[in-house]
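Engineer: Here is a sequence with its predicted model. Questions after.
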Amino acid sequence: MPSFVCQVCHSAFEVPQTALERYPNWEPKYCREHSPNRRPSAGRKKPPGNAKLRTSETSRREENLTRSEVLAKYTAGPPTGVFTDGSANPNPGPGGWGVVWVEDGEIRFEKHGHEASTTNNRMELTALLQAYRAIPEDASMTVYTDSRLCVDTITKWAPGWERNGWKRKGAPLKNLDLVKPLLAAARARPNCPLEWIPAHSGDRWNEYADSLATAWMRAEP
């Protein structure tokens, strides 16, 4: 089964692929223990310190740093690659996307955008599409996203949907206006694999891409 990383406790958890295919715009972010919709068992006490952990992680996710603040605060993570991020706040609602291409810690290219009405997944896919279009077809580098759903969509599911005429049983496919060109752009750059990177874990350029994706919230150019 596909695995994800909880944004509260950072532990890995699995979700059946049938559930992911049934809800194509859903990207699991919390394990069962930390799900906001989880109902505590009768008579079960909340683990000590759990509230503090949740508050700490929530604050970390909502730092909303500028690009210069990210560079001053974070140093970890891969120094080379193309890093992407996208989000909507609320979801669905207004959102943004960001891309930064770095080599040995030096920025070669960056770009970001904003839409008045969108979803998290559309912004994540848009960021990836913009990233692949910015990379020469003969380039060799890794493209990073913190969306496991996007990675699975492009590397696992979309080729099967294509073979089936972009159809599947059950729920209709969504965001094909982004998925189709993204799949083609990724295929045209065979030496630029798509990899998942943990969100908000202190990786400098992932945090930088997040800052680009939320620049619209701070009215930054």
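Structural biologist: Great, that's in hand.

Engineer: Skipping adjacent residues, who's closest to the spatially most central residue of the chain in space?
Structural biologist: By CA atoms, centre = their mean, the chain has its centre lying nearest to Ser147, at 2.9 Å. With CB to CB, 6 or more residues apart in numbering as the criterion, Ser147 has its nearest non-adjacent residue at 4.3 Å, and that residue is Glu124. C-betas here are computed from N, CA, C, even on glycine.

Engineer: what do you get for Thr75?
Structural biologist: Spatial nearest neighbour of Thr75, excluding adjacent residues (CB to CB, 6+ apart): Arg204 at 5.8 Å.

Engineer: can you pull the buried residues of stretch 111-124?
Structural biologist: Buried residues in stretch 111-124, counting neighbours by 16 or more other CB atoms under 10 Å, are found at 112-115, 118-124.

Engineer: Then stretch 129-139?
Structural biologist: Residues 129-132, 134-135 are the ones in stretch 129-139 that count as buried (16+ other CB under 10 Å).

Engineer: pLDDT weak spots in this structure?
Structural biologist: 1-12, 17-18, 21-25, 34-62 (pLDDT under 70).

Engineer: go again using 50 as the cut-off
Structural biologist: 40-60 (pLDDT under 50).

Engineer: how about the strands in it?
Structural biologist: For the chain, applying DSSP state E gives strands covering 3-5, 12-14, 81-88, 93-103, 106-118, 143-145, 194-196.

Engineer: closest one to Gly160 among those strands?
Structural biologist: strand 194-196 (16.4 Å; CB to CB).

Engineer: roughly how far is the closest one from the heart of the chain?
Structural biologist: Relative to the chain's own centre, strand 194-196 is displaced by 10 Å; criterion: CA atoms, centre = their mean, to the nearest Å.

Engineer: That's all I had, so thanks and see you.
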